[in-house]
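Undergrad: sequence below, structure please.
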Amino acid sequence: MIDAMDESIHDLYKQITTLKDAIKLAMIFPEKKQAELLETLMEKVDRDQDDKTIFLIVKLYLHFVQFGAEDEIKQDALTCLFMIKSFSIRQDKQAIQQQCFLTFFRLIYARFLTDEQKSMCLEELNEFYESKKEHIRWYLIVFYFDDKHNPYYNILKIRDLSDQCFQNLCDCYAEISMSDSTILPLLPDDEKGLAIDTLEQRFYNQFVYGEIGLYAKQYNKNQARYVIDTLIKCAKGDHGRAQSAKKGLIKHLDFLANELQNTEQKEDVDSMIAIQDDIDYIKQDITTITFGKLEPQLQKVMTRLNTSL
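TA: Here you go, the predicted structure:
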C-alpha cells in the first residue's frame with residue numbers, strides 16, 4: 001500500500017481519511033506501516049512538489065495525529081507537521097504556510113492533543129514571523145491579540161511570553177502601524193477581521209501601559225527594549241499612528257523619572273542603573289523625532305530628568 005502511494009497520494013488520502021477511528025485505521029495500516037508511511041510521505045515534500053499534493057500530505061499527517069496507532073505515531077506525525085511548516089517558510093510556499101498556521105490553530109483547540117503538544121504548537125507559531133509574506137507574519141499578532149476568536153490563548157490569557165515571541169509581536173505591530181493600507185488576516189470563524197484600532201489599543205494597553213511590557217512587575221530588560229524600539233520606530237514614521245507612539249515615549253519617560261526617584265530614595269543601586277540605562281537609551285533618539293504640539297510635555301519631563309541627575 002505504501003508503494004501504491006507513489007502513484008497516487010490522492011488515492012491514499014481518500015482511503016485513509018475515511019477511517020476516522022484508531023482501531024479501524026490500525027487494522028488496515030498497522031503501527032509499523034503507519035511509521036513507514038510517515039517517513040515516506042515526508043520524502044514527497046520538496047520544493048518541486050505541487051502545493052495540492054503537499055496540502056494532502058498535511059491533512060494525512062493531521063489524521064495520524066488524531067488517529068495514530070500509538071502515542072509515538074501521533075507525536076511523530078505532529079513533528080512532521082512542524083517540519084513541513086519550516087520547509088514552507090524556507091521555500092516561500094505561502095499557501096502551505098497559511099494552511100500550516102490554520103492547522104496549528106485548530107490543533108491548539110483540539111481535544112486529542114495533550115497540553116504539552118499544545119505548548120509545542122504555540123512555540124512553533126513564532127517561526128511564521130520569518131515568512132517573506134507580511135500577511136503570513138501578521139497572523140502571529142492577530143492570534144495573540146484577537147481574544148474573541150482565540151479565547152484561551154490570547155495575550156490576556158498568556159502573560160508569560162518568550163523574548164523571541166515578544167519581539168516578533170512588537171515587530172508585527174510596527175509593520176502594521178506604519179503600513180499605508182493594512183488588511184489583517186482572519187482567524188477561523190472570523191468574517192470581519194480584527195480592527196486596526198483594536199489592535200493598536202491592545203498593544204498600548206498591554207505592552208506600553210500594561211503589566212506585560214514596560215510596566216511589568218518583574219522587569220525584563222530585553223522585552224522593555226523591544227517596546228521602546230517599537231515606539232521610537234513608530235514615532236519617527238510619517239503616518240497617522242505616530243502620535244500615539246510619541247505620547248507613549250513621553251509617558252514612559254515620565255514613568256522612568258518617577259521610578260528613578262523611588263529607587264534613589266530606597267538606595268537601590270541596581271535598579272537605578274537599569275532605569276538610567278533605559279532613559280539614556282531613549283534620549284539617544286529623542287532629538288531625531290519631531291514632537292510638534294507634544295514638545296512642551298516632552299520638555300517638562302526632560303527637565304525633571306535633568307534635575308534629578
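
Undergrad: show me what contacts residue 94?
TA: Applying CB atoms under 8 Å, 6 or more residues apart in numbering to residue 94 gives the contacts 88, 131-133, 135-136. Any C-beta I mention is one placed from the backbone N, CA and C, and that applies to glycine too.

Undergrad: how close does it sit to residue 298?
TA: Between residue 94 and residue 298 the computed distance is 42 Å (CB to CB, to the nearest Å).

Undergrad: show me where the stretch 1-150 of the chain has its helices.
TA: In the stretch 1-150 of the chain, the segments counted as helices under DSSP state H, counting those that start in this stretch are 2-7, 9-16, 22-28, 31-43, 51-67, 71-90, 94-108, 115-124, 134-137, 139-145.

Undergrad: now the helix or strand just after the last one and helix 115-124, what's the angle there?
TA: Yep, that's helix 139-145 we're talking about. Of the helices and strands lying after helix 139-145 in sequence (DSSP states H and E), the nearest is helix 163-177. Angular relation of helix 163-177 and helix 115-124 on a 0 to 180 degree scale: 50 degrees, by axes from the mean of the first three to the mean of the last three CA atoms, to 10 degrees.

Undergrad: can I get the helix or strand that helix 163-177 is followed by as PDB, trimmed to CA atoms?
TA: The helix or strand immediately downstream of helix 163-177 is helix 196-203, counting by DSSP H and E. C-alpha atoms of helix 196-203 as PDB (Å, rounded to 0.1, in the frame of the first residue of the first chain):
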ATOM      1  CA  ILE A 196      -6.600  48.000  13.400                       C
ATOM      2  CA  ASP A 197      -7.800  50.400  16.100                       C
ATOM      3  CA  THR A 198      -8.500  47.400  18.400                       C
ATOM      4  CA  LEU A 199      -5.000  46.000  17.600                       C
ATOM      5  CA  GLU A 200      -3.400  49.400  18.400                       C
ATOM      6  CA  GLN A 201      -5.400  49.700  21.700                       C
ATOM      7  CA  ARG A 202      -4.400  46.200  22.800                       C
ATOM      8  CA  PHE A 203      -0.700  46.900  22.000                       C
END
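
Undergrad: packing partners for helix 196-203?
TA: Packing contacts for helix 196-203, counted by 3 or more CB pairs under 8 Å, 6 or more residues apart in numbering; DSSP states H and E, involve helix 139-145, helix 163-177.

Undergrad: try 10 Å
TA: Contacts defined by 3 or more CB pairs under 10 Å, 6 or more residues apart in numbering; DSSP states H and E place helix 196-203 against helix 139-145, helix 163-177, helix 221-236, helix 242-266.

Undergrad: of all the ones you listed, which one is nearest residue 185?
TA: Closest to residue 185 of the helices and strands packed on helix 196-203 is helix 139-145 (CB to CB; 5.0 Å).

Undergrad: what mean pLDDT does that closest one have?
TA: Regarding helix 139-145, the rounded mean pLDDT is 97.
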